[in-house]
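> sequence and predicted structure are below.
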Amino acid sequence: MKKLAILAVLTTMVLGFAASSSAVDLDAKGKIQFQMNIIDNQDFLSNEDGGNSDDDLNFWFRARTEFRFVASENLWAVLYTEYKNRIGNGHVNVSTNDDDDGLYVKRAYMQFRYPGTEVLTSAGILSVNLPGAASNNVVLGDADLGAFMVESPITDQIGIAGAFIRNTDRYGVTGDGADNKRDELDIFYAALPITIDGISATPYFAYSIIGDKSVNDAGATFPGFAGPVGSAQTKNANAWWLGTSFSMDMFDPIIFKADVVYGAVDADAKDNDRSGLLCDASLAYTGLDFVQPKLLFAYSTGEDDDTDNGSERLPIISNDWAFGTTYFGGSALTETDFDNVEQIGFWTVGLSLEKISFFENLSHDIHFLYIQGTNDAGLVKNHSANLANITDDGNFLTDEDYAIEIDFNTNYQIYDELAAIVEFGYVDVDLDEDTWQNVSARGGKTDPMLKLAFGLVYSF
């Protein structure tokens with residue numbers, strides 16, 4: 001009954017807004033998908049060898065609808081809803097990661113241009129993405145957060161953007177004690193988009209205030225901010241990031257894209273500090289009708305073998321970075337990839353063959369990746385008993401560990417609006433047994449992870 005009531009309220013809101021004034025136009029678009037996932041050895045260890053028991057076969061249904069209420073070309077609002085269901089188990093509210101009422105409001109915001117100018121203001125719950133070119137942003141991407149953002153062109157080639165973003169506000173407005181005064185994680189953001197003939201870049205800076213109660217009463221911080229030993233945070237911390245995206249197509253059909261970002265956390269104790277860097281690049285050739293080859297490279301700093309000086313990995317709020325479509329993320333479907341903040345501390349080189357097509361409406365993508373850790377193996381060998389934020393499940397790779405990924409994905413456009421998608425992924429993680437033998441019972445043992453996913457996606 002509760003789910004039906006929510007659906008009725010949302011429907012009434014949409015129809016009511018549409019009918020309230022003839023001056024408002026209602027546009028709707030969305031995506032509805034049904035899929036089957038078969039995934040074996042999700043923790044890179046079979047159940048026979050002591051790994052987690054896998055529920056290999058799962059069915060998912062997801063519906064996203066975006067309603068756009070347009071008063072004029074200078075004023076509009078957006079209501080974006082999502083319904084997600086793991087069939088046979090119940091509903092999933094992605095905003096809380098709980099089994100809950102599957103229908104919820106994903107985004108709700110307004111946008112307007114100040115009269116007589118090109119200054120665009122956005123306010124509400126919206127998709128927040130820091131700049132990315134070779135891939136999406138590793139620090140903060142694809143996150144539905146409360147934000148107030150202002151963007152404006154300065155010249156035809158240069159613009160400016162600034163935003164206040166609230167990632168977390170854990171407690172209520174009032175309450176006993178001081179916890180509700182130190183429970184926020186806020187981000188201040190500024191960017192300078194630059195576009196000239198054949199080149200575009202977006203330098204940006206972000207600064208964050210991290211309340212020590214923004215996660216829990218024990219003072220534990222976000223895994224993407226934490227040092228390797230995970231000491232409790234007893235005071236507010238500060239973090240900052242400086243980066244840029246870069247894209248060059250002046251030599252089209254050769255396309256070069258790159259990103260670089262450095263970030264640091266200044267915490268209450270030295271072992272809670274964190275700083276690191278990630279850079280990536282891609283070089284694609286788009287001059288062929290039947291395939292687009294692309295070379296890939298990425299590097300991120302890893303931990304040293306000392307726990308007293310904090311972490312040497314890039315601080316992360318919401319990771320949306322991916323090469324390939326399995327280990328790092330990047331899948332066109334849902335619940336079929338494994339992006340994880342623990343993966344930071346690696347270098348990778350790869351080759352993608354995208355948009356392979358010999359028949360109308362049928363295309364394939366193939367990805368090959370070699371991934372090597374950049375975290376010092378001595379950290380795991382010498383401090384395994386004290387490590388709180390490092391796992392042995394194949395996501396944290398030392399400089400003695402590596403992984404190989406192969407993806408083969410197929411897209412068949414049944415209609416312009418309806419696609420059948422098949423994704424196959426193979427990831428073989430090789431953990432050094434001398435490094436991991438004393439960390440847990442698995443002792444560095446691994447088995448390949450296999451993924452087969454089939455989905456029908458209707459876009460309207």
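Received the coordinates, thanks.
> which stretches of the chain have low pLDDT?
Low-confidence segments of the chain (pLDDT under 70): 1-22, 90-101, 173-179, 215-221.
> report the separation between the residue most central in space within the chain and E48.
Geometric centre of the chain, nearest residue: D320, 2.2 Å, by CA atoms, centre = their mean. As for D320, its distance to E48 is 35 Å (criterion: CB to CB, to the nearest Å). From N, CA and C alone the C-beta is placed, and that goes for glycine too.
> what of G455?
Distance from G455 to E48, by CB to CB: 29 Å.
> what comes up buried for the helix or strand where W76 lies?
For W76, the enclosing helix or strand under DSSP states H and E is strand 75-86. Within strand 75-86, the residues that count as buried by 16 or more other CB atoms under 10 Å are W76, A77, V78, L79, Y80, T81, E82, Y83, K84, N85, R86.
> my guess is the fifth one meets A108, correct?
I take that to be Y80. Yes - with contact defined as CB atoms under 8 Å, Y80 reaches A108; the gap is 7.0 Å.
> check the offset of stretch 197-208 from the chain's centre.
In this view, stretch 197-208 has its centroid 19 Å away from the chain centroid, taken as CA atoms, centre = their mean, to the nearest Å.
> which residues sit against it?
130-131, 139-140, 167, 185-194, 238-252, 317 (CB atoms under 8 Å, 6 or more residues apart in numbering).
> can you dump the C-alpha atoms of that stretch in PDB for me?
Only the C-alpha atoms of stretch 197-208 are listed here, as PDB (Å, rounded to 0.1, in the frame of the first residue of the first chain):
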ATOM      1  CA  ASP A 197      39.800  25.300 -32.100                       C
ATOM      2  CA  GLY A 198      40.500  21.600 -31.700                       C
ATOM      3  CA  ILE A 199      41.200  21.800 -28.000                       C
ATOM      4  CA  SER A 200      39.100  21.900 -24.800                       C
ATOM      5  CA  ALA A 201      40.100  21.800 -21.200                       C
ATOM      6  CA  THR A 202      38.400  22.300 -17.800                       C
ATOM      7  CA  PRO A 203      40.800  23.200 -15.000                       C
ATOM      8  CA  TYR A 204      39.000  22.800 -11.600                       C
ATOM      9  CA  PHE A 205      39.500  23.100  -7.900                       C
ATOM     10  CA  ALA A 206      37.400  21.600  -5.100                       C
ATOM     11  CA  TYR A 207      37.600  22.100  -1.300                       C
ATOM     12  CA  SER A 208      35.800  20.000   1.200                       C
END
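> can you pull the buried residues of it?
So for stretch 197-208, counting by 16+ other CB under 10 Å, buried means S200, A201, T202, Y204, A206, S208.
> how much space between the fourth one and E303?
So that's Y204. Distance from Y204 to E303, by CB to CB: 26 Å.
> please name the bridge partners of G263.
Following DSSP bridges, G263 is listed with bridge partners W241, G276.
> helix or strand: which one has the closest residue to L130 other than its chain neighbours?
Nearest non-adjacent residue to L130, counting by CB to CB, 6 or more residues apart in numbering: N137, 4.1 Å away. Using DSSP H and E, N137 maps to neither a helix nor a strand.
> doesn't A143 make contact with N137?
No - using CB under 8 Å, N137 is not in contact with A143; the gap is 9.7 Å.
> which residues are common contacts for those two?
Shared contacts of N137 and A143, counting by CB under 8 Å, 6+ apart, come down to N129, D320.
> between the two, who's got more neighbours?
Neighbour totals were compared for N137 and A143, and N137 leads with 27 against 18 (other CB atoms under 10 Å).
> the more buried one: what's it in contact with?
Here N137 is in contact with N129, L130, P131, D259, V261, D320, W321 (criterion: CB under 8 Å, 6+ apart).
> what about G224, which SS state?
coil (DSSP: H, G, I helix; E, B strand; the rest coil).
> what's the distance between it and T334?
Distance from G224 to T334, by CB to CB: 22 Å.
> more neighbours: which of these two?
Using other CB under 10 Å as the criterion, G224 and T334 rank with G224 on top: 25 against 18.
> who are the contact partners of that one?
Per CB under 8 Å, 6+ apart, neighbours of G224: P315, I316, I317, N319, V341, I344.
> for D365, state which of the residues you listed is nearest.
Nearest to D365 among those is N319, at 21.5 Å by CB to CB.
> number of residues surrounding the closest one?
24.
> check contacts around it.
By CB under 8 Å, 6+ apart, the neighbours of N319 are V138, V139, G141, G224, G329, D339, N340, V341, I344.
> next, the third one: phi, psi?
Main-chain dihedrals, G141, degrees, to the nearest 10: phi -150, psi 150.
> excluding its backbone neighbours, what's nearest it?
Nearest residue to G141, sequence neighbours excluded (CB to CB, 6+ apart): D320, at 2.7 Å.
> need the contact list for that neighbour.
Applying CB under 8 Å, 6+ apart, the residues near D320 are N129, G132, N136, N137, V138, L140, G141, D142, A143, G329, D339.
> ok, back up a step: okay, and which of the buried residues of stretch 197-208 map to strands?
S200, A201, T202, Y204, A206, S208 (DSSP state E).
> quick one: the helices in the stretch 101-250 of the chain?
Using DSSP state H, counting those that start in this stretch, no helices are assigned anywhere in the stretch 101-250 of the chain.
> sorry, back to before: tell me the secondary structure for the residue nearest to G141?
Assignment for D320 (three-state DSSP): coil.
> give the bridge partners for V150, please.
Here V150, judged by DSSP bridges, has bridge partners T121, G162.
> return the member of the contacts of N137 nearest to N361.
D320 (29.0 Å).
> what's around T325, how many residues?
Residues near T325, counting by other CB under 10 Å: 25.
> can you add distance to F69 and give the contacts of N137 back as TSV?
TSV is the format used below for these (distance: CB to CB, whole Å):
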residue	distance to F69
N129	23
L130	28
P131	28
D259	35
V261	36
D320	28
W321	33
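> and the helices in the stretch 351-460 of the chain?
Under DSSP H, counting those that start in this stretch, the stretch 351-460 of the chain gives helices at 377-383, 433-436.
> now those in JSON lines, with distance to V265 and mean neighbour count?
Below are these laid out as JSON lines (distance: least, CB to CB, whole Å; neighbours: other CB atoms under 10 Å):
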{"stretch": "helix 377-383", "distance to V265": "18", "mean neighbour count": "19"}
{"stretch": "helix 433-436", "distance to V265": "26", "mean neighbour count": "18"}
